[in-house]
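**Student:** Mind looking at a prediction? Sequence and model below.
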Amino acid sequence: MAQALEDNQLSYTLEDDERLGFCFPTHGWQVPAIVRQFVDRLTMGNLKPSTFCYAVTTCGDCMGQTMDMMDQALSKKGITLKSCLSLVMPESYVCLPFMYTDSPEREQQKLNRAQADLDNFIVVVKNRQAGILRLRKGPLPWLLTHVIGQYFNRRMITDSKFRVDEERCIGCRQCQQACPVGNVAMSDSNSAMPHPTWLNNGKCTCCLACYHHCPRHAIDYGRYTPRRGQYYYGHDNK
């Protein structure tokens, strides 16, 4: 998606009777800005009223009205969302005082439930069944999306708080490779290894892929993450 936006390749033509799917993470109880930009600039050829369109979003515990936002965005492009699903996944956002990675037991419970939900939804998509399957909106979903989520996505999505401990960094470039929007570069300094720098170009989505992929826990965001765990490398790094 990021590459499509970069290359301005946003025109697609569906095959006859082809399904159309959108899969994306929930960011602060909203559709990520990069996804909204993609849909806003999208043009579809051979789109029909009968086109089966589905959407899947992942979230930590609940998604608020994320899927309602996606439905409205697609409607503006003449696309009718027929079926949708939210998958509750292990917590990965750890940049606020009250947010932590899940315990290993809770993590496994979420993954097992998500796999079961996904298996059921695959049947829905294969059979082109219209309907909603397990949308975890949470308590006060409008408030989560349009007040808290609005503030979060407008004010707190920035790469300015990322930093690296150059003594712990081993220059493996996994953070650079994991970044979905190409926002991490490797720079030389007085240390023996190249280390990551963030480009501050407005593309960062604060997905924390760089943080969670670091095998040395050398990357931090703000003042809370030095005491937080990582999802990708597990709870040994707490």
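**Tutor:** Sure, I can see it.

**Student:** tell me which residues of stretch 145-161 are tucked away?
**Tutor:** Within stretch 145-161, the residues that qualify as buried are 145-146, 149, 152-153, 157, 159, counting by 16 or more other CB atoms under 10 Å. Just so you know, the C-beta spots here come from the backbone N, C-alpha and C atoms, and that holds for glycine as well.

**Student:** now, which of those lie within strands?
**Tutor:** Among the buried residues of stretch 145-161, no residue falls in strands (DSSP state E).

**Student:** longest helix in the chain, by residue count?
**Tutor:** When the chain is parsed with DSSP state H, its longest helix is helix 104-126.

**Student:** now what about it, what contacts it?
**Tutor:** For helix 104-126, the external contacting residues (CB atoms under 8 Å, 6 or more residues apart in numbering) are 19, 21, 52, 54, 56, 58, 83, 85, 87-90, 101-102, 129, 131, 133-134, 231, 234-235.

**Student:** rerun that using 6 Å as the cut-off
**Tutor:** Residues outside helix 104-126 that contact it (CB atoms under 6 Å, 6 or more residues apart in numbering): 54, 83, 85, 87-90, 133-134, 235.

**Student:** repeat for stretch 155-174
**Tutor:** For stretch 155-174, using CB under 6 Å, 6+ apart, the contacting residues are 191, 193-196, 198, 200, 204, 206, 213, 216, 218-222.

**Student:** Filter those residues down to just the buried residues.
**Tutor:** Neighbour counting over the contacts of stretch 155-174 (16+ other CB under 10 Å) leaves 194-196, 198, 204, 206, 213, 218-221 as the buried ones.

**Student:** Can you name the next helix or strand after the least confident helix or strand in the chain by mean pLDDT?
**Tutor:** Lowest by mean pLDDT, DSSP states H and E among the helices and strands of the chain is helix 2-7, with a mean of 67. Sequence-wise, the next helix or strand downstream of helix 2-7 (DSSP states H and E) is strand 11-13.

**Student:** Can you tell me which helices and strands the next helix-or-strand element following that next one packs against?
**Tutor:** Once the chain leaves strand 11-13, the next helix or strand it forms, by DSSP H and E, is strand 20-25. Under the contact criterion of 3 or more CB pairs under 6 Å, 6 or more residues apart in numbering; DSSP states H and E, strand 20-25 touches strand 53-59.
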